[in-house]
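Trainee: Please find the sequence and the predicted model below.
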Amino acid sequence: MPVKLGIVGVGKIARDQHLPVIAASGDFELVAAASRHAQVEGVRNFTSLAAMLEAVPELEAVSLCTPPVGRADDARRAIRRGVHVLLEKPSTATLSEAHELVAAAEAAQVTLYASWHSRFAPAVPAARAWLRDRTVRSAHIRWMEDVRVWHPGQDWIFAPGGLGVFDPGINALSIVTHILPQPFALRSARLAFPANRQAPIAAELRFEDVQGAPVTAELDFLHTGEQRWDIEVETDGGRLTLSKGGSEMAIDGASQPAAPGAGRPHAEYEPLYAHFAALIAARRSDVDLTPLRHVADAFMLGERVEAPAFDF
């Protein structure tokens, strides 16, 4: 039988990805939604997860699509009720919250899934396989998009815990930590904070892997024109390029055959929900905090510089 699922936070990502994928899935049945400002047609609607849990005792799982600040409270509440939890990225506002949730889910014997949707981009598995037996000489990320296009009016992104440019940038880090054969650590960072905001709008990062290869990143949340989500990896066997957020792959400039799912609007979230279903069936959790740890390191180690004030 499909898992009875509730969704919390009915914003852009929920409407663009979660709701269509859940509706088409045979693994889940959406039975309820909770949001302060929106509703989902055809299911029971509530203004909070607490109210949903009280009124819908048959609920088996929830997808938490709210901003990261406060998400851990909802996750904790669901876990206490024995409800499986999917966390949109980034999983929580702090690493401490995430570790606490891991322990709580283990004690309650429920599934906790800290999802990284970009790892399911169509070309990412092939990139990971191609890099597996190669020596990386360098890697560079260019993740450049316009916040006014992708997050119009969402002031929470620039509040404490909103992560600013790391909200999209953590997608790049989720891919790179997944495909590179060696772990890497931050060596320096430069974070540009608008004068009227509390989270960065641009960042330059310099990492180094355990063999000394540099891994660098340019993140820009005010990029106009063509949006860019590219990763380039130089190896002893050639140059790999992932473009369009991991949808397309090239080797030494030669495009590789299109990966399954390329060009489909829900190519990342369909396998993401399939993985969540498999985790629930196996009573396992999947909580990789490596991308969030790299962001936390950037805030701790990074040089802060002032940028012009920003308003939507």
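Mentor: Ah, there it is.
Trainee: Run through the bridge partners of the nearest residue to Ser255 once chain neighbours are set aside.
Mentor: Distance criterion Cβ to Cβ, 6 or more residues apart in numbering; nearest residue to Ser255, sequence neighbours excluded, is Glu248 at 6.9 Å. All C-beta atoms are positioned from the backbone trio N, CA, C, and that covers glycine. Counting by DSSP bridges, Glu248 forms beta bridges with Ser243.
Trainee: same thing with Asp286?
Mentor: Using DSSP bridges, the bridge partners assigned to Asp286 are Tyr113.
Trainee: My guess is it contacts Ala114. True?
Mentor: Yes - Asp286 is within contact range of Ala114, at 6.9 Å (criterion: Cβ atoms under 8 Å).
Trainee: tell me the contacts of the residue lying closest to Val287 once chain neighbours are set aside?
Mentor: Excluding the flanking residues, the one nearest Val287 by Cβ to Cβ, 6+ apart is Ala114, at 4.4 Å. Ala114 makes contacts with Leu87, Lys89, Ser91, Ala98, Asp286, Val287, Asp288, Leu289, as judged by Cβ atoms under 8 Å, 6 or more residues apart in numbering.
Trainee: do Phe166 as well
Mentor: For Phe166, the contact set (Cβ under 8 Å, 6+ apart) comprises Pro90, Ala199, Pro200, Ala203, Leu219, Val295, Ala298.
Trainee: mind checking how far it is from Thr216?
Mentor: Distance of Phe166 to Thr216, computed by Cβ to Cβ, to the nearest Å: 15 Å.
Trainee: now do Ser285
Mentor: Ser285 sits 32 Å away from Thr216, going by Cβ to Cβ.
Trainee: of the two, who's got more company?
Mentor: Higher neighbour count among Ser285 and Thr216: Ser285, with 19 against 16, using other Cβ atoms under 10 Å.
Trainee: Surely that one and Ala278 touch.
Mentor: No - counting by Cβ under 8 Å, Ala278 is not a contact partner of Ser285; they are 11.9 Å apart.
Trainee: ok, so of the contacts of Phe166, who is nearest Glu145?
Mentor: Nearest to Glu145 out of the contacts of Phe166 is Leu219 (Cβ to Cβ; 9.2 Å).
Trainee: close enough to count as contact, that closest one and Ala202?
Mentor: Yes - using Cβ under 8 Å, Leu219 is in contact with Ala202, at 6.2 Å.
Trainee: Need the residues touching each of the two.
Mentor: The contact sets of Leu219 and Ala202 overlap at Val165 (Cβ under 8 Å, 6+ apart).
Trainee: more crowded one of those two?
Mentor: For the pair Leu219 and Ala202, the greater number of neighbours falls to Leu219 (28 against 21), based on other Cβ under 10 Å.
Trainee: Helix, strand, or coil at that one?
Mentor: Under DSSP: H, G, I helix; E, B strand; the rest coil, Leu219 falls in the strand class.
Trainee: Relative to Leu272, how far out is Val10?
Mentor: Applying Cβ to Cβ to Val10 and Leu272 gives a distance of 18 Å.
Trainee: what ranges do the helices span in this structure?
Mentor: Using DSSP state H, the helices of the chain run over residues 12-13, 19-24, 49-55, 71-80, 95-108, 124-131, 147-150, 166-179, 269-282, 290-301.
Trainee: Pick the most deeply packed of those.
Mentor: Using mean count of other Cβ atoms under 10 Å, the stretch among the helices of the chain with the largest mean neighbour count is helix 166-179, at a mean of 24.
Trainee: Poorly predicted segments of the stretch 151-300 of the chain, please.
Mentor: Within the stretch 151-300 of the chain, not a single segment meets pLDDT under 70.
Trainee: switch to 90 and redo it
Mentor: The model of the stretch 151-300 of the chain has pLDDT under 90 over residues 258-264.
Trainee: If the closest residue to Asp220 other than its chain neighbours is in a bridge, with which residues?
Mentor: Nearest non-adjacent residue to Asp220, counting by Cβ to Cβ, 6+ apart: Met144, 4.3 Å away. Beta-bridge partners of Met144, counted by DSSP bridges, are Asp220, Arg228.
Trainee: Confirm for me that Met144 is in contact with Gly225.
Mentor: No - shown here, Met144 and Gly225 do not form a contact pair, counting by Cβ under 8 Å, at 9.2 Å.
Trainee: So between the two, which is more surrounded?
Mentor: Comparing Met144 with Gly225 by other Cβ under 10 Å, the one with more neighbours is Met144, at 22 against 7.
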